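Enquirer: Pasted the sequence and its predicted model underneath.
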Amino acid sequence: MVIVKRLAGGAAAGSLVCIVVLLVALAPFWLPLPLPTLFLTVALAVPAGVIVAGLLLRAFQVRPAWPAALLGCALSLAGIYLVRQSEYASNLLVAAVVVAAYGVAAAVTTPGLWGRATWRRSETGVPFLAPDVEGYRLAVMEVGPGVVRYRLLPSTGFAPEAMIEVTIRPVSFGGLEGRIVERLDATVAITAGPDVPETVVEVVASTLAHRPHLFS
């Protein structure tokens, strides 16, 4: 499930953030500050932590990464502050807080997550997932039991090489080709023409959300 994968990816990124910060703290040209002091007193720790976390989250396929990185940093700082007030404060507990913070941040920033409580399955049995991508218009090809299929065509002109096709099937549906994404209990296959930049495919995959108004 995509949320579980993002939770695991966020926790893994949080673990590496702890290691990076610890290495910086123990570097010969830095004072060996404990983790709580490093996070709260070194002015560069916050932006550096966000940047490092964002890169690590992207490496662990948590995308978009920057909302999770920002929220993870905020949760980490809040958690570290609370830990410091406790009589059980320790670097190990601080590290656990950071790992948990980034895991939770990655999970709750899952694209489309907050639409999960409001969307209703139509007769298709799958949600009407569509991206938020500029320069393309949506052309519905098929809407039926267990399948929604459409094309994203350039807003100006038409060329098959610049077309993107999106197929939505029930979760864990096999035999699909292209970029496979799991979102809102559905499996999405994205296939792009040779003239479509990879960055556009990434935007399509990362911004998929329930947008039924686009299919009416």
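Expert: That came in fine, so what should we check first?
Enquirer: now what about the helix or strand that I80 is a member of, what contacts it?
Expert: Assessed by DSSP states H and E, I80 sits inside helix 65-84. By CB atoms under 8 Å, 6 or more residues apart in numbering, the surrounding residues in contact with helix 65-84 are 6, 10, 13-14, 35-36, 39-40, 46, 49-51, 53-55, 57-58, 62, 89, 93-94, 97-98, 100-102, 104-106, 108-109. C-beta here means a position set from N, CA and C on the backbone, and glycine is covered the same way.
Enquirer: CA-only coordinates of it in CSV, if you can.
Expert: Extracted in CSV, the C-alpha atoms of helix 65-84 (Å, rounded to 0.1, in the frame of the first residue of the first chain):
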residue,chain,number,x,y,z
ALA,A,65,9.4,15.2,-1.2
TRP,A,66,9.6,18.8,0.0
PRO,A,67,6.2,18.9,1.8
ALA,A,68,7.2,15.8,3.7
ALA,A,69,10.7,17.3,4.4
LEU,A,70,9.3,20.5,5.8
LEU,A,71,6.6,18.8,7.9
GLY,A,72,9.2,16.2,9.1
CYS,A,73,11.6,19.0,10.2
ALA,A,74,8.8,20.8,12.1
LEU,A,75,7.6,17.6,13.8
SER,A,76,11.2,16.7,14.6
LEU,A,77,11.9,20.1,16.3
ALA,A,78,8.7,20.0,18.2
GLY,A,79,9.4,16.4,19.3
ILE,A,80,13.0,17.2,20.3
TYR,A,81,11.8,20.2,22.4
LEU,A,82,9.4,17.9,24.2
VAL,A,83,12.0,15.2,24.8
ARG,A,84,14.4,17.8,26.2
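Enquirer: Check which residues of that helix are buried.
Expert: 65, 67-69, 71-73, 75-77, 79-80, 83 (16 or more other CB atoms under 10 Å).
Enquirer: Narrow the contacts of helix 65-84 to just the buried residues.
Expert: 6, 10, 13-14, 35-36, 39, 49-50, 53-54, 57-58, 62, 93-94, 97-98, 100-102, 104-106, 108-109.
Enquirer: hey, where'd the helices end up in this structure?
Expert: 2-26, 35-41, 45-59, 65-84, 91-108, 198-206 (DSSP state H).
Enquirer: distance of F60 from V17?
Expert: Separation of F60 from V17 (CB to CB, to the nearest Å): 12 Å.
Enquirer: Look at these two and report which has more neighbours.
Expert: V17 (26 against 20; other CB atoms under 10 Å).
Enquirer: chain center to stretch 82-98, what's the gap?
Expert: Distance, stretch centre to chain centre, for stretch 82-98: 27 Å (CA atoms, centre = their mean, to the nearest Å).
Enquirer: please begin residue numbering at 31 from this point
Expert: Understood, numbering begins at 31; the last thing we discussed is stretch 112-128.
Enquirer: Do me a favour and get the end-to-end distance for that stretch?
Expert: 12 Å (CA to CA, to the nearest Å).
Enquirer: Fine by me, thanks again.
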